[in-house]
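Colleague: sequence-free structure coming up:
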């Protein structure tokens, strides 16, 4: 009986500590910067606490949102953008074949931009 009571108290203390830690996580501002002219729809932000937040991004511009903890990944039209600072290619469901854009998640913002096709000299070694 004493062991059961001690175990119950230990579990209650653990739950209280975890709850306090989660509630103590600071709220931070996060920015979705849409540098395209496309509607990104509902953008889902996932934080380090396992929770998600959504924001509507229906035009170009900056969309600030307050989130708890830090954003670890973002989902746009079902495509995950990890927080690694590397460009992630995304296909927006626009038109028959879609529109490719790139997203980069770093720090406290994600930037979405049009993909550019770089065309250089077609014969760089000829004179």
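Modeller: All right, it came through fine. Just so we're clear, the structure is a prediction, and the values are computed from it rather than from any experiment.

Colleague: can you pull out the low-pLDDT segments for the chain?
Modeller: 1-25, 116-127 (pLDDT under 70).

Colleague: now the strands for it?
Modeller: Shown for the chain, the strands assigned by DSSP state E span residues 27-34, 41-47, 52-57, 61-68, 71-76, 79-82, 88-92, 99-106, 109-114.

Colleague: just the ones you listed: most buried one?
Modeller: Highest mean neighbour count of those: strand 71-76, a mean of 20 (counted as mean count of other C-beta atoms under 10 Å). Using the backbone N, CA and C atoms, a C-beta is placed for each residue, glycine as well.

Colleague: adjacent strands (with direction) for that one?
Modeller: According to DSSP bridges, strand 71-76 forms sheet pairs with strand 41-47 (antiparallel), strand 79-82 (antiparallel).

Colleague: now it and strand 61-68, what's the angle there?
Modeller: 130 degrees (axes from the mean of the first three to the mean of the last three C-alpha atoms, to 10 degrees).

Colleague: still on that earlier bit, so which of the strands paired with strand 71-76 is nearest residue 70?
Modeller: strand 41-47 (6.3 Å; C-beta to C-beta).

Colleague: phi and psi next, for residue 69.
Modeller: The phi and psi torsions at residue 69 (degrees, to the nearest 10) take the values phi 80, psi -150.

Colleague: if the closest residue to it other than its chain neighbours is in a bridge, with which residues?
Modeller: Once flanking residues are discounted, residue 69 sits nearest to residue 47: 4.1 Å by C-beta to C-beta, 6 or more residues apart in numbering. Judged by DSSP bridges, the bridge partners of residue 47 are residue 71.
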